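In: generate a structure from the sequence data that follows.
(one chain, ligands or ions: 1)
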Amino acid sequence: MTAARAARDGVPGPGQVPAPGQVPAPEPPPAPALDAHCHLDLIEQPTGEVLAAARAAGITRVITVGVDLPSSHWSAECADTAPGVYAAVAIHPNETAAAAATAAQRDEVLAEIAKLAALPQVRAVGETGLDYYRDYAAPGVQREWFRAHIEIAKQAGKALMIHDRDAHEDVLAILAADGPPDRVIFHCFSGDAAMAERCAAAGYVMSFAGTVTFTNAPALREAAAVAPPGLILAETDAPFLTPMPHRGKPNTPAMVAHTVRCLASVKQVGVADMCELVTATGERMFGPW
Ligand SMILES: [Zn+2]
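Out: Now for the predicted structure:
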């Protein structure tokens with residue numbers, strides 16, 4: 001994702017956000033946990049410092065996610081060198097139109113994604129899916145790329161990491177029609193309780209971002225309440241979607257500790273138990289670590 005695209009998506013630019021050090025580190029949870037989805041390449045701090053801060057906050061594993069070819073390559077390389085980091089690779093639905101002008105180009109890009117997806121440190125194909133909120137790519141184009149990514153995930157034997165924005169029905173229908181891979185994750189889950197029940201029935205994992213902590217998001221907490229404990233993950237989507245109490249400030253993987261605490265209270269389990277649940281689900285989706 002380009003800086004321009006990030007800005008259009010509502011990410012504050014440099015100078016508009018407080019310095020990273022001004023966001024207090026969360027209290028580490030009583031057991032290690034993970035950040036199931038972030039974009040380390042888009043965080044405006046040195047990656048080594050970001051990861052050290054995450055470890056200090058008990059977040060020992062991080063999945064960094066590509067949205068186009070350069071960021072997918074970056075993610076695979078980062079996961080190859082940085083301990084505790086694993087990668088996801090794909091062309092984001094909003095990037096599909098820009099990624100290729102012709103069918104031949106599209107096939108080349110997808111072949112490159114398939115090559116990356118086969119690497120051992122790449123643990124998921126994503127983020128891919130459908131975004132009917134933005135109109136950067138026509139829905140028909142997005143659907144073609146989504147189906148191609150489903151096929152890549154199946155062939156590589158990796159988890160499918162889905163971006164679903166205002167597109168629940170079509171995402172579920174395409175998964176049902178093409179047959180889902182063994183492991184499916186809805187990143188930044190945005191459905192209500194009824195959608196959570198449908199995902200649960202299909203065995204899909206729901207990864208909750210900082211949005212679940214927002215005061216104005218009771219429907220997301222209702223979704224988390226009905227999601228089976230074994231089908232829940234926690235993520236930051238950093239640098240986006242900073243959880244409460246730091247909403248609007250820069251987000252980093254360490255902040256997932258706030259989201260894990262929120263999920264523990266929604267699920268009425270201890271924080272240590274919630275950490276163990278997301279760690280086990282993370283290992284089932286992305287592991288072995
Ligand atoms: Zn993302």
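In: use CA for all of it now, contacts and neighbours both
Out: Fine.
In: can you pull out the helices in the protein?
Out: Along the chain, counting by DSSP state H, helices occupy 3-8, 47-56, 69-81, 96-99, 103-117, 139-156, 168-178, 193-202, 218-226, 256-267, 271-286.
In: gap between the fourth one and the chain center?
Out: Put plainly, it is helix 96-99. Relative to its chain's centre, helix 96-99 lies at 20 Å (Cα atoms, centre = their mean, to the nearest Å).
In: what packs against that helix?
Out: Packing partners of helix 96-99 (3 or more Cα pairs under 8 Å, 6 or more residues apart in numbering; DSSP states H and E): helix 139-156.
In: output the below-cut-off pLDDT ranges for the stretch 1-150 of the chain.
Out: For the stretch 1-150 of the chain, the stretches with pLDDT under 70 are 1-22.
In: buried residues in stretch 238-257?
Out: Neighbour-count burial for stretch 238-257, counted by 16 or more other Cα atoms under 10 Å, picks out 238-244, 249-257.
In: hmm, who's touching that stretch?
Out: Residues outside stretch 238-257 that contact it (Cα atoms under 8 Å, 6 or more residues apart in numbering): 11, 17-18, 20, 23, 25-29, 33-35, 37-40, 42-43, 50-51, 53-59, 62, 209-214, 234-236, 258-259.
In: from those, which ones fall inside strands?
Out: In strands, defined here by DSSP state E, the members of the contacts of stretch 238-257 are 33-35, 37-38, 59, 62, 234.
In: I'd guessed A264 sits against V278; true?
Out: No - look at A264 against V278 with Cα atoms under 8 Å: they stay out of range, at 10.5 Å.
In: the more surrounded of these two?
Out: Remark: of A264 and V278, V278 carries more neighbours, 25 against 21, as counted by other Cα atoms under 10 Å.
In: and the spatially closest residue to the more buried one that is not a sequence neighbour, how far from R123?
Out: Setting aside the residues directly before and after it, V278 is nearest to L233 in space (Cα to Cα, 6 or more residues apart in numbering), at 5.1 Å. Going from L233 to R123 by Cα to Cα, to the nearest Å gives 15 Å.
In: more neighbours: the two, which one.
Out: Neighbour count, other Cα under 10 Å: between L233 and R123, L233 has more, with 33 against 29.
In: that one: what's it in contact with?
Out: By Cα under 8 Å, 6+ apart, the neighbours of L233 are 36, 205-208, 278, 281-282.
In: so can I have JSON lines of these showing distance to A156?
Out: Output for the contacts of L233, formatted as JSON lines (distance: Cα to Cα, whole Å):
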{"residue": "A36", "distance to A156": "19"}
{"residue": "V205", "distance to A156": "19"}
{"residue": "M206", "distance to A156": "21"}
{"residue": "S207", "distance to A156": "22"}
{"residue": "F208", "distance to A156": "25"}
{"residue": "V278", "distance to A156": "23"}
{"residue": "T281", "distance to A156": "20"}
{"residue": "G282", "distance to A156": "18"}
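In: of those residues - the most surrounded one?
Out: Neighbour max across the contacts of L233 (other Cα under 10 Å) = A36, 33 neighbours.
In: ok, that residue - contacts?
Out: 61-63, 207, 233-236, 282.
In: if we use 10 Å, what do you get?
Out: For A36, the contact set (Cα atoms under 10 Å, 6 or more residues apart in numbering) comprises 61-65, 86-88, 161, 185, 187-188, 207-209, 233-237, 253, 256, 278-279, 281-282, 285-286.
In: tally of neighbours for the closest residue in space to D164 that isn't next to it in sequence?
Out: Once flanking residues are discounted, D164 sits nearest to L130: 5.3 Å by Cα to Cα, 6+ apart. L130 has 28 neighbours, counted by other Cα under 10 Å.
In: and stretch 170-178, what's its mean pLDDT?
Out: Taken as a whole, stretch 170-178 has a mean pLDDT of 98.
In: give me the sheet partners of the top strand by length along the chain and which way each runs.
Out: Using DSSP E, we find that the single longest strand of the chain is strand 122-131. In the sheet, strand 122-131 lines up against strand 85-89 (parallel), strand 159-165 (parallel) (DSSP bridges).
In: out of these, deepest packed?
Out: Among the strands paired with strand 122-131, ranked by average contacts under mean count of other Cα atoms under 10 Å, first place goes to strand 85-89 (a mean of 31).
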